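[1] Kindly generate the corresponding structure for this input.
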Amino acid sequence: MHKGTLRTKFLLSLVLISALLTSTTLFLVRFRVQIHVRDEMTQALRNSVVTFQSLQQQRESTLERSAALLATLPPLKAVMTSRDTATIQDASATFWNLSGSQLFVLADRSGVVVAIHTATPGFTEAEAQESMRRSLAKAESQDWWFGGGRLFEVFLQPIYFGAPDDNAPIGMLAVGYGVDQRVAEDVSRVASSHVAFHYQNKLVASTVPAAQRAELAARVENLAAEDLKPEEIQLGPERFLATSVRLSSANSPPVTLTVLKSYDEATAFLQSLNRWIVAVGIAGVLAGSLLVFLVSTTFTRPLAQLVAGFHALEEGNFIYPLSVTGNDEISTLTAAFKRMRVALQETQRKLLDAERLATIGRMANTISHDLRHPLTAILAYAEFLSEGNLSEVQRKDFYQEIRIAVNRMTDEISSLLGFSKQREALKLRFGSVGEVIERAIQTVKALPEFEFIAITMPRKSECVGWFDPGKLERVMLNLLFNACEAVPPDSGKIEVNCRNSDQGIEIRVADNGPGIPDAIRENLFQPFVSYGKEKGIGLGLTAVHKIMQDHGGDVCMESTGPEGTVFRLRLPAKAPAESAALPFVLPT
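    Coordinates of the predicted model:
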């Protein structure tokens with residue numbers, strides 16, 4: 001694991017926790033502020049509606065008293081008794097001016113309008129007649145009249161000929177005030193909000209921008225479903241918090257007042273607050289990250305040093321510097337690691353010493369065992385040669401046996417010395433590989449213990465190339481000795497084949513032995529690998545592998561099993577580059 005991983009995880013986890021807590025806190029603050037703002041807007045809407053209702057009640061009271069007073073004036077009663085429409089229309093102008101209302105209507109005792117005066121044009125006599133008929137049918141003293149795009153709140157008062165108790169009406173008086181754009185603007189200033197007056201689904205007057213009025217008209221019915229219940233609506237690009245109140249009675253067509261507060265305007269400071277919240281959050285996270293980094297560095301630097309010490313020990317470095325400061329857990333762990341490292345180094349040294357001594361002992365035991373037989377043969381044949389009654393043939397045979405024993409000892413010693421030196425320069429010669437193989441076969445057959453083993457080399461084609469004859473002969477002797485020791489003594493068969501190919505020279509040594517055990521197959525060419533042999537120190541195949549590598553070739557176990565084992569040797573077609581400058585001498 002990378003030494004910075006723990007610190008990185010620690011840093012990231014604390015930064016994430018800090019960011020999460022900061023974000024959560026700021027989100028809750030923002031959420032609570034939004035709720036507070038909405039509550040304030042809702043309360044402001046209610047206050048605006050209540051304020052309008054209070055003003056409306058005062059106006060209604062004034063208008064109602066004005067209507068009652070006018071209905072009792074004797075001049076008005078006298079005018080009404082004339083029953084002449086033109087006279088009544090002309091004479092009623094004085095009473096209209098006296099009332100100060102924006103709508104003044106007189107009707108006879110049957111409800112027919114005989115006089116009408118309005119402050120604004122558009123409301124016709126026919127519309128006044130229809131409104132009068134509807135109001136008289138409801139028998140209500142207060143009603144809302146609409147016509148020609150004009151909306152009026154109207155108060156009706158019967159005109160009696162005598163005292164009201166005589167119940168002798170001679171007509172009906174209706175006075176009202178108009179709800180227009182000026183009234184909407186006045187109410188908007190008092191309520192500090194946008195307002196809109198609707199008659200049924202018709203927008204009468206509003207301070208909402210013209211582009212948003214059609215959209216507002218479509219929402220009025222839902223807004224007026226429950227009085228003073230605020231709802232957030234979208235009018236074009238702007239959001240509003242709106243509430244509506246019904247001004248007309250249940251028996252009359254709906255007249256509604258809608259009060260709207262711009263949510264975007266009311267929450268404009270929230271945008272600034274959001275920016276401050278984001279800035280504070282980023283600053284908090286950065287400050288927390290810096291603090292966490294300093295804290296994590298303080299805690300993880302000694303741990304990183306200890307991890308580096310472990311990696312150094314893994315690479316075999318026992319002297320990597322480690323400092324122990326303080327009395328915390330990491331310092332205690334570092335001190336324990338240093339003691340463990342010293343103890344491990346001492347244990348490793350003792351194990352190496354013991355292994356060296358054991359190896360030397362095994363080699364000495366094996367070498368003494370391997371050299372004892374050749375020395376015994378040399379001593380015996382030397383004693384035979386000291387006798388004076390030997391023929392020339394006997395002397396040559398004894399000499400040959402001594403020479404074979406000496407060569408065998410030399411090979412054993414050369415195999416050992418070959419692992420204690422660097423790569424020796426090859427003495428390459430161009431010649432016949434078959435001749436080298438034949439010499440090796442003859443040397444093996446000369447040994448009494450292998451005289452009954454059949455060793456053959458079929459002559460298929462001449463096998464020539466560049467090689468070191470002495471080293472190649474040692475390779476063949478090692479392979480043949482191993483094969484002779486593996487095959488049955490009475491029925492053993494070994495076959496050696498050699499051929500030239502595009503890749504170079506290929507030599508195969510096949511025997512009919514029981515095969516190589518599984519326990520040593522993977523480490524077959526490693527030093528001191530041996531299995532079930534009374535003689536040998538496990539260096540033969542290692543020497544073969546080294547010599548073939550020196551030639552630029554290779555050796556491998558091609559197959560093995562109960563039917564036997566096949567080793568394949570490959571020599572390059574050309575001489576290795578490092579030996580190209582050596583003199584090449586043809587064999588004599």
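
[2] for this protein, what spans make up the helices?
    5-71, 74-82, 85-99, 125-138, 181-191, 210-223, 263-266, 268-314, 329-385, 392-417, 433-445, 469-486, 518-521, 540-550 (DSSP state H).

[3] Verify the contact between C556 and V566 for me.
    No: here C556 does not reach V566: they are 9.7 Å apart, not a contact under CB atoms under 8 Å. Where you see a C-beta, it was placed from the backbone N, CA and C, and this is true even at glycine.

[4] ok, the two, which is more surrounded?
    Shown here are C556 and V566; by other CB atoms under 10 Å, V566 has more neighbours (17 against 14).

[5] surely the more buried one meets G513?
    No: counting by CB under 8 Å, V566 stays clear of G513, with 10.7 Å between them.

[6] Contacts only, for the spatially closest residue to Q503 that is not a sequence neighbour.
    Spatially, and ignoring its direct neighbours in sequence, Q503 is nearest to R570 (6.5 Å; CB to CB, 6 or more residues apart in numbering). When contacts are counted by CB atoms under 8 Å, 6 or more residues apart in numbering, R570 touches Q503, G504, I505, E506, I507, M548, G553, D554, V555.

[7] between those residues, which is closest to H311?
    The closest of the contacts of R570 to H311 turns out to be D554 (CB to CB; 35.6 Å).

[8] so what's the closest one bridging to?
    Taking DSSP bridges as the rule, D554 bridges to R570.

[9] Quick check: pLDDT value at it.
    At D554, the model reports a pLDDT of 92.

[10] Touching, it and M548? I think so.
    Yes: using CB under 8 Å, D554 and M548 qualify as a contacting pair, with a distance of 5.7 Å.

[11] Of those two, which one has the most company?
    M548 (21 against 13).

[12] Contact partners for V204?
    Contacts of V204 (CB under 8 Å, 6+ apart): F146, G149, R150, L151, V179, D180, F197, H198.

[13] Only whichever of those are buried, select them in ChimeraX.
    Buried residues within the contacts of V204, by 16 or more other CB atoms under 10 Å, are selected in ChimeraX with:
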select :146,150,151,179,180,197,198
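
[14] nearest to K261, of the contacts of V204?
    Scanning these for proximity to K261, where the rule is CB to CB, the winner is F197, at 16.8 Å.

[15] ok, that closest one to E315 distance?
    89 Å (CB to CB, to the nearest Å).

[16] List the buried residues for stretch 31-47?
    Buried, per 16+ other CB under 10 Å, within stretch 31-47: V33, V37, R38, M41, T42, A44, L45, R46.

[17] With stretch 281-294 instead?
    G281, G284, V285, G288, S289, V292.

[18] How about the fifth one, nearest residue that isn't a chain neighbour?
    Translated: S289. Per CB to CB, 6+ apart, closest to S289 is V15, 4.9 Å.

[19] I'd assumed S66 was in contact with S99.
    Yes: between S99 and S66 there is a contact at 5.3 Å, judged by CB under 8 Å.

[20] Overlap of the contact sets of these two?
    With CB under 8 Å, 6+ apart, S99 and S66 have common neighbours V175.

[21] isn't G470 right next to L428, touching?
    No: between G470 and L428 there is no contact under CB under 8 Å: 11.0 Å.

[22] neighbour-wise, which of these two wins?
    Between G470 and L428, L428 has the larger neighbour count (other CB under 10 Å), namely 21 against 13.

[23] Surely the more buried one and D468 touch.
    Yes: using CB under 8 Å, L428 is in contact with D468, at 5.8 Å.

[24] Retrieve the pLDDT associated with the residue nearest to S289.
    At V15, pLDDT is 72.

[25] and what of L375?
    Taking L375 on its own, its pLDDT is 80.

[26] which stretches of the stretch 401-550 of the chain have low pLDDT?
    411-412, 414-425, 460-461, 531-538 (pLDDT under 70).

[27] If you could redo that for the stretch 201-350 of the chain, that was the one I meant.
    Where the stretch 201-350 of the chain drops to pLDDT under 70, the residues are 219-229, 265-271, 273, 292, 295-300.

[28] List the contacts of stretch 312-326.
    Outside stretch 312-326, the residues that reach it (CB under 8 Å, 6+ apart) are 302, 305-306, 308-309, 331, 334-335, 337-338, 341-342, 344-345.

[29] Also stretch 444-453?
    400, 404, 455, 477, 480-481, 484, 487, 489-490, 492-494.

[30] Quick one: buried ones out of these?
    Counted by 16+ other CB under 10 Å, those give I404, I455, L477, L480, F481, C484, V487, G492, K493, I494 as buried.

[31] farthest pair in those?
    I404 and K493 (23.1 Å).

[32] Quick check: buried residues in stretch 243-263?
    243-245, 247-248, 252, 254-263.

[33] If you could redo that for stretch 429-448, that was the one I meant.
    Buried, per 16+ other CB under 10 Å, within stretch 429-448: R429, G431, S432, V433, G434, V436, I437, A440, I441, T443, V444, K445.
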